[in-house]
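Chemist: whatever this is, show me its structure:
(chains A and B)
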Amino acid sequence: MTQTVSRPVGAHEPLPLDVEAIRADFPILTRTVRDGKRLVYLDSGATSQKPRSVLDAERWFYENVNAAPHRGAHALAEEATGAYEAARATIGGFIGAPDREIVFTRNTTEAINLVAYALSNAATAKEEEFRTYAVGEGDEIVVTEMEHHANLVPWQQLCERTGATLRWLGLTDDGRLDLSDLATVVNERTKLVAVTQQSNILGTINPLGDIIARAHEVGALVLVDGAQSVPHQPVDVTELGADFLVFSGHKMLGPTGVGVLWGRYKVLDKLPPFLTGGSMIEVVRMEASTFAAPPQRFEAGVPMTAQVIGLAAAVEYLQDLGMDRVEEHEKALTGYALQKLAEIPGVTVIGPPDTVARGGAVSFTVEGIHPHDVGQVLDDHGIAVRVGHHCAWPVVRRYGVPATTRATFYVHNGYDDIDALADGIRAAQKFFGTA
Amino acid sequence: MQLESMYQEIILDHYKNPHGRGLREPFEAEVHHVNPTCGDEVTLRLHIENNAAGDAVVSDLSYEGMGCSISQASISAMYDLVLGKSVTEALATGEDFMTLMQAKGDPTVAEKLEDSLEDAVAFAGVSKYPARIKCALMSWMALKDASARALATTTPGGTS
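Modeler: Residues are numbered from 1 along each chain as shown, chains lettered A, B, ... in the order given. As a prediction, the model looks like this:
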């Protein structure tokens, strides 16, 4: 890129991150789309692009070390095990967790399903200790109306399997959680509260402290969906105080196919397995088997070794930038985007209107133009956004819109990307004759 | 700009001034179809009557829907195309529309289907955008579903 990419605009401060230098690290950003347009990637909330160091880490593993970890005694097996476990320590360190509390899954969705199935498996476990967190009739699971389908449907299904009841916290008109009935929704019958740290559609950052305090007061576990927070802000599990934190590698510059379940060790230790098979066992006989200690108990089969090593490289990339600065960078972009969108007649932001307790997912509607059509015009300008219900159908229903257009920001985005977005929206209005 | 190839004037006209919109009676089948990736929706009612030759004919097609311009214009264009046709002909037209959607923008396919699809041939540009094909096809899938249900609930030879 030869153009100036992080120019301060008007009253806006220079961005905390050197966007031009960062863009040079992402090979995909050099390509063009739709007849030679510069790629303006505003869809990191769906999946992020990957810096070269992540791609190199995977290639390094396959070219030099490739073997199944935790099996075999040959040189490659030892090195692969070492690299895999070193990556676990790096990724744990990123969220302030010891490595034995880090379980690798396929993605956030699988991590949530792992916990949900462990809780129903607990009800029929033959081992007394695995029944500690069993969920059954009369118990309640609490979610919020803001959840991604991945943090809603598995809990609906858990309730169907066990006879437990699903309850939820609603939303306010300005895109926040309505905590006015927290004390009644979360009560003595609650076994688990599942809540997102940052909404993937509204951008809202939730006041988890209040929710976690209430949940622990009544003896409930708390699972925090960090899919949209861990990539974008510093998250430390000790400060967080929850029992589980889940997130995906591919949304934080890492590869697809790897996600993380962090669990408090004393809780993980009392959970029965979800997937069973090789490497998660202790002793196997024809009649029955016993299981390994966490995290191995939850990692059946040969793991996604190269992806885990790629994710560790992504974590190192983010640590080099500094998560504080990543957060500030996105806050500056979000503030600028909210201002630019407010200047366009007919554009309505769905979610908090300012940057207070808000991340960089900006959903909006354009009067008279369906989000799909907005997205199509933006695409024609080389701008990649997400359109639809963003796997959070209850949220769009709550705000009375059929769908939204969503822009999400990350480390390689600059003010120029948001200018392109605003210009693209105006072009859509012109094309469809609404302005 | 490639946009015009998809958003033909005729499509935008159907979107802004849909033909036959609104739910009416009588009807033999009502179906509700959604495009779950984006939330496009249609509720479609089909009224069939037998003609002198004993063929089931589409005598009314009424609908309500919400969604993007492509999905909603497609319903309106379909209404124009199938009204008064026999159910067999209507479904054959639907197959032609499906062929058009699989053409990946090949103009020769559109040319061949011009007589069969009339205005709806304007949707040829949509076939270049895989993400939008489902939008255009939703109404035709709903019609196929409604036809099967209507034919199953009406007695042969009767007029519903």
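Chemist: name the element whatever residue of chain A ends up closest to chain B belongs to?
Modeler: Of chain A, the residue with the smallest distance to chain B, taken as C-beta to the nearest C-beta, is A:His372 at 3.5 Å. Using the backbone N, CA and C atoms, a C-beta is placed for each residue, glycine as well. In the assignment (DSSP states H and E), A:His372 maps to helix A:371-380.
Chemist: got the CA positions of that helix in CSV?
Modeler: C-alpha atoms of helix A:371-380 as CSV (Å, rounded to 0.1, in the frame of the first residue of the first chain):
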residue,chain,number,x,y,z
PRO,A,371,-29.1,-4.9,4.5
HIS,A,372,-28.4,-7.5,1.8
ASP,A,373,-28.6,-4.8,-0.8
VAL,A,374,-26.5,-2.4,1.3
GLY,A,375,-23.9,-5.2,1.6
GLN,A,376,-24.0,-5.8,-2.2
VAL,A,377,-23.2,-2.2,-3.0
LEU,A,378,-20.4,-2.1,-0.4
ASP,A,379,-19.0,-5.3,-1.9
ASP,A,380,-19.0,-3.6,-5.3
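Chemist: run through chain B and note the low-pLDDT ranges.
Modeler: Low-confidence regions of chain B, defined here as pLDDT under 70, cover residues B:1, B:155-160.
Chemist: how close does the residue of it found nearest chain A sit to A:Ile112?
Modeler: Among the residues of chain B, B:Cys68 lies closest to chain A, at 3.5 Å counting by C-beta to the nearest C-beta. Per C-beta to C-beta, to the nearest Å, B:Cys68 is found 31 Å from A:Ile112.
Chemist: next: A:Ser120.
Modeler: The separation that A:Ser120 has from A:Ile112, given C-beta to C-beta, amounts to 13 Å.
Chemist: sorry, back to before: what's near enough to touch the residue of chain B closest to chain A?
Modeler: Contact partners of B:Cys68, counting by C-beta atoms under 8 Å, 6 or more residues apart in numbering or on different chains, are A:His370, A:Pro371, A:His372, A:Asp373, B:Cys38, B:Asp40, B:Arg132, B:Cys135.
Chemist: how about 6 Å then?
Modeler: B:Cys68 makes contact with A:His370, A:His372, A:Asp373, B:Cys135, according to C-beta atoms under 6 Å, 6 or more residues apart in numbering or on different chains.
Chemist: okay, the residues you listed in JSON lines with neighbour count and distance to A:Ile309 next?
Modeler: As requested, the contacts of B:Cys68 are arranged in JSON lines below (neighbours: other C-beta atoms under 10 Å in any protein chain shown; distance: C-beta to C-beta, whole Å):
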{"residue": "A:His370", "neighbour count": "27", "distance to A:Ile309": "42"}
{"residue": "A:His372", "neighbour count": "25", "distance to A:Ile309": "38"}
{"residue": "A:Asp373", "neighbour count": "27", "distance to A:Ile309": "42"}
{"residue": "B:Cys135", "neighbour count": "26", "distance to A:Ile309": "40"}
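Chemist: could those residues go into JSON lines alongside distance to A:Arg100?
Modeler: Below are the contacts of B:Cys68 laid out as JSON lines (distance: C-beta to C-beta, whole Å):
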{"residue": "A:His370", "distance to A:Arg100": "49"}
{"residue": "A:His372", "distance to A:Arg100": "46"}
{"residue": "A:Asp373", "distance to A:Arg100": "50"}
{"residue": "B:Cys135", "distance to A:Arg100": "49"}
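Chemist: of the residues you listed, which is the nearest to A:Gly241?
Modeler: A:His372 (40.8 Å; C-beta to C-beta).
Chemist: OK, contacts around the closest one?
Modeler: So A:His372 contacts A:Val387, B:Cys38, B:Cys68 (C-beta under 6 Å, 6+ apart).
Chemist: among the residues you listed, name the ones in strands.
Modeler: Among the contacts of A:His372, the members found in strands (DSSP state E) are A:Val387.
Chemist: turn the contacts of A:His372 into CSV, including distance to A:Ile201.
Modeler: Below are these laid out as CSV (distance: C-beta to C-beta, whole Å):
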residue, distance to A:Ile201
A:Val387, 12
B:Cys38, 14
B:Cys68, 18
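Chemist: the strands in the stretch 1-150 of chain A, which residues?
Modeler: Applying DSSP state E, counting those that start in this stretch to the stretch 1-150 of chain A gives strands spanning A:32-33, A:37-38, A:40-41, A:102-105, A:140-144.
Chemist: how far off centre is the last one?
Modeler: So that's strand A:140-144. Put simply, strand A:140-144 sits 19 Å off its chain's centre (C-alpha atoms, centre = their mean, to the nearest Å).
Chemist: ok, then the element right after that strand?
Modeler: Following strand A:140-144 toward the C-terminus (DSSP H and E): helix A:153-162.
Chemist: who touches that following helix?
Modeler: Identification of contacts with helix A:153-162 by C-beta under 6 Å, 6+ apart yields A:Ile112, A:Asn113, A:Ala116, A:Ser120, A:Val135, A:Gly136, A:Ile141, A:Val143, A:Leu166, A:Ala194.
Chemist: returning to that earlier point: I'd like the average pLDDT over the helix holding A:His372.
Modeler: Summarised as a single mean, pLDDT over helix A:371-380 is 96.
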